[in-house]
Structures are given as C-alpha cells and as structure tokens.
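Trainee: what follows is a predicted protein model with its sequence.
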Amino acid sequence: MKKFLTGVVGLFALFALVALAGCGNHSLSVGASTKTPSGMVAVIKGKASKNAKISYQIDQQAKKAVKNTDGAYVVEVPAKTKKQTVNITSQKGSDVITKKVTINKRKALGQYKPIANNYNQAVIGMSLSKADQQKAKDLAAAEKKAKASSSKPTSAAKAKAEIAKLPASQQKAALAKLEAQGKEMAALQKEGKEVQAAMATAKKENKDKLLPTNMSNGVKNVITQNNYTVRANYQDKNLMGLTLIVPVKAMKQESGQKDFGTVFSLLSNELGANPKSVMKQFEKLLKDAKKSSSTSTATNVIKSNGVKFEVGYSTTHLYIYITK
C-alpha cells in the first residue's frame, strides 16, 4: 500500500512538473505598449506560443480571434479620433496571458457625407457633355446672381400691378423688361430640367465610380475599378483615411494614367489639398522611383494644406495613403 501511494504521489509530481514546464513555455509579446496609426491603421505585431489561441478586444467591442502563424500574429486596428485600448490574449490550455496596447488618436479628414457628396457631384459633373456642363454653369451663375440681389422675387401679376402704378411713359419699357426677364426665367427652368435629367443619367452610368453615401464603421473598399481601388476608414461619421491603390500595369497605359490622374486630383481637392501642388510633388516622386532599383513598400510623404499623402510602391501596385 505504501509503495502504491508513493507511486501515485510520484505521478502527481510528474504531472505538476509537466504543467509547470508547459506554463514556462507559454509566452506573448505585443511590441511597444503604445502605438500610433500609420496609414489607416495601427499594426500590432507579436509572438506567442505556437499552439496558443490568440484573440483581441478593442475597448468594449466583442473579442475576435487572430490567426497564429507558427508563433506569430498580426492585429490591425483602424484609426479613430479617440484613444483605443486593445487587449491581446493568448490561451494555452488553462494558462491565459493578456497584454494591453494603447492606440493613439488620429485627426479625421473630415465628416464623411459632405466629402462623399462633393466628390460624387464632381464625378457626375465631369461626365456630362460640354453643352450640359455649360448649362450647369449658367444655372449656378443665375443662382449666385439671385442670392446677391437684395430684391425679393415677385409674381408676374404683382410685377404688372406695380408697373401699372408707373407713369404711362415708363410702362412700355418696364413691361418689355418684365417680358425679357420672364423669357430668361423660362429658359433657365428648361435648362434646369435638362441638367437634372442629364445628371440623373450620368449618376446611373457612373454608379460604380461613386463613393457610397451610407457607411458602417470599418476599413473597406468603397470604389473598385480595373485601373484603381479606393479604400476608406469610416468611423462614427468621420472619414479617418483613404487609400488609393493602383496596379503598376495600369500606370503604363494611357487609360490607367487618365483614371489615376482624375481620381487623385478629385480626392485631393475634396479633402482640402491643392491638386496641382500634390500632383507636381507626386510626379517628382515617380521620377525618383523609376531611377531606383528598390522594390520595397517604403513610403514617401507629400503634404498640402494639412493633408498628408504617403506614397508606397510594390512590384505590382502603387499605394497612396491619405490622412491628416
């Protein structure tokens, strides 16, 4: 009996040593405990035990699992206008390790909806015929003139009643002026309907080139075309960042160059940057890149009116990260 008990105690001791050894092999690293977003996200890279289950939780959001690739993991946290706390957890058997990482806040590019609406209007306007573009300009000028005028609009009947009060010598000229104004107004109303119809058609034809008007929090592709992709980080009504992704092969084609130039300029303009300055700086970076044999995604920075454009290259794509 004594020998049996001694054997059992020995087994328990062995199990304890194995468990302790297992705990000793369990580890988790997160890099720096405070991180600043780069591009649209903050990246947490770390190492853990090969067979551990890795998960993370941002503030009070639901926990999410992370792939453990031979003891390494990566977590990308979209930038926000407030600080974020990320808890990284590694579980191996009954042993659990949790480490905290703080993500610094980032300034937003602006509220998403106004930016999206202005961008979409620009895309639609550019796709109109020259005749319809001119009509739109005429309408805008007339609207501006009407707003600048201190006089309030009156009905034709009321205007004629006012003319009737004038001396007979002035009534003919006043009536002629009123008639001319009426014709001008009728022409503008006709043009307005024509422009609205043209814009509705253009919107339908270019729907895949427009930014969505409704978004949910997260990083996602918002425009996908053969020659370019636009990715957005939308958080709580704010546009935190954009990424313009262009295949290198598209930059070697005339259609691709045209699409890139148009989208890049429109985005720059709607975000408050100076498109001409941004494009000039970009062209210089592109020339320098062609001279270099490097294929890394190291970034070069362009700045304009507080907007930052980080330009990176790979062997297959050009990346432009737009933030503030």
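Mentor: Perfect, I can see it now.

Trainee: any idea how far apart the tips of stretch 62-69 sit?
Mentor: 22 Å (C-alpha to C-alpha, to the nearest Å).

Trainee: would you mark the buried spots in that stretch?
Mentor: By 16 or more other C-beta atoms under 10 Å, the buried positions in stretch 62-69 come out as 66, 68. The C-beta positions use only the backbone N, C-alpha and C, and glycine is treated the same way.

Trainee: got the contact list for it?
Mentor: For stretch 62-69, the surrounding residues in contact (C-beta atoms under 8 Å, 6 or more residues apart in numbering) are 48, 50-57, 73-75, 89.

Trainee: if we use 10 Å, what do you get?
Mentor: 44, 46-58, 73-75, 87-90 (C-beta atoms under 10 Å, 6 or more residues apart in numbering).

Trainee: for residue 313, give the beta-bridge partners.
Mentor: As for beta bridges, residue 313 partners with residue 318 under DSSP bridges.

Trainee: per-residue confidence for it?
Mentor: You'll see residue 313 listed with a pLDDT of 84.

Trainee: then the one 4 residues further on?
Mentor: Looking at residue 317, its pLDDT stands at 94.

Trainee: now swap in residue 177 and tell me
Mentor: Looking at residue 177, its pLDDT is 75.

Trainee: do the same with residue 141
Mentor: At residue 141, pLDDT is 75.

Trainee: offset the numbering so it begins at 208, please.
Mentor: Understood, numbering begins at 208; the last thing we discussed is residue 348.

Trainee: for it, what are its contacts?
Mentor: Here residue 348 is in contact with no residue (C-beta under 10 Å, 6+ apart).

Trainee: if we can go back for a sec, from the contacts of stretch 269-276, list just the buried residues.
Mentor: Neighbour-count burial (16+ other C-beta under 10 Å) applied to those gives 251, 253-256, 259, 261-263, 265, 280, 282, 295-297.

Trainee: out of the residues you listed, who's nearest residue 377?
Mentor: residue 265 (74.8 Å; C-beta to C-beta).

Trainee: show me what contacts that closest one?
Mentor: Counting by C-beta under 10 Å, 6+ apart, residue 265 has contacts 271, 282, 284, 285, 287, 291, 292, 293, 294, 308, 310.

Trainee: now for the buried ones among the contacts of stretch 269-276, which pair is the farthest apart?
Mentor: Using C-beta to C-beta, the buried ones among the contacts of stretch 269-276 span at most 22.9 Å, a distance reached by 256 and 265.

Trainee: so of the contacts of stretch 269-276, which ones are in strands?
Mentor: 251, 253-254, 260-265, 280-282, 294-297 (DSSP state E).

Trainee: how about the strands in the protein?
Mentor: Going by DSSP E, the chain shows strands at 241-242, 248-254, 260-265, 271-273, 279-285, 291-299, 302-310, 317-318, 425-431, 436-442, 445-454, 506-511, 514-520, 524-530.

Trainee: returning to that earlier point: of the contacts of residue 265, just say which sits nearest to residue 460.
Mentor: Nearest to residue 460 among those, with distances taken as C-beta to C-beta, is residue 285, at 32.6 Å.

Trainee: how close does that closest one get to residue 296?
Mentor: 20 Å (C-beta to C-beta, to the nearest Å).

Trainee: tell me which residues in stretch 331-348 are buried?
Mentor: Neighbour-count burial for stretch 331-348 flags 331, 334, 335, 339, 342, 343, 346 (criterion: 16+ other C-beta under 10 Å).
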